[in-house]
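In: my questions are about this predicted structure, shown below with the sequence.
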Amino acid sequence: MDIVLLVKFLAPCLPFLVNVGNKAVEGASQKIGEDVWDKAKAIWTKLHSSVEGKEAAKEAAVDVAKNPDDEDLQASLRVQLKKILETDTALATEITQIWQTASPIQPDGENVQLNANAYDQSVVKQVGKIVADQVSF
């Protein structure tokens with residue numbers, strides 16, 4: 001699993017995901033698309049308890065939620081998620097399955113991973129713009 005891509009995907013969604021119950025969450029699926037929101041929610045649901053259980057990971061997630069575009073903050077979250085996923089291989093497998101299931105597969109048999117990454121990067125850009133338009137700290 002590409003941790004860099006995972007964090008880039010989650011970063012623009014974290015303001016919604018970290019503040020569940022916030023009114024902004026109500027419109028998240030409408031603004032970023034149901035499939036993107038469902039994928040981000042499913043991944044975060046799996047990661048949440050592990051992130052909450054480690055103070056450094058929790059702090060990194062909150063920091064990224066406050067400033068999703070900050071590459072340094074994303075790097076900090078990447079380090080923390082990498083540690084979590086390296087020690088919990090079952091969790092890493094679950095996240096990988098969610099990641100792959102929600103990505104489109106090209107019928108022509110091209111490299112599925114490359115196609116999933118291209119899809120995910122376009123979604124990251126879309127989500128980032130929407131969050132920037134909707135959320136302010």
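Out: Yep, it's here.
In: which SSE is the residue lying closest to residue 88 once chain neighbours are set aside in?
Out: Leaving aside its sequence neighbours, residue 88 sits nearest to residue 50 (C-beta to C-beta, 6 or more residues apart in numbering; 6.5 Å). No exception for glycine: its C-beta is placed from N, CA and C like everyone else's. Taking DSSP states H and E as the criterion, residue 50 maps to helix 34-52.
In: for residue 85, same thing?
Out: In the assignment (DSSP H and E), residue 85 maps to helix 71-87.
In: what's the mean pLDDT across stretch 69-88?
Out: Stretch 69-88 comes out with an average pLDDT of 96.
In: quickly note the distance from residue 89 to residue 96.
Out: 10 Å (C-beta to C-beta, to the nearest Å).
In: for the helix holding residue 50, give the mean pLDDT please.
Out: Averaging pLDDT along helix 34-52 yields 89.
In: so which bits of whichever helix or strand comes after it are buried?
Out: Next along the chain after helix 34-52, taking DSSP H and E as the criterion, comes helix 55-66. Using 16 or more other C-beta atoms under 10 Å as the test for burial, helix 55-66 gives 57, 58, 60, 61, 63, 64, 65.
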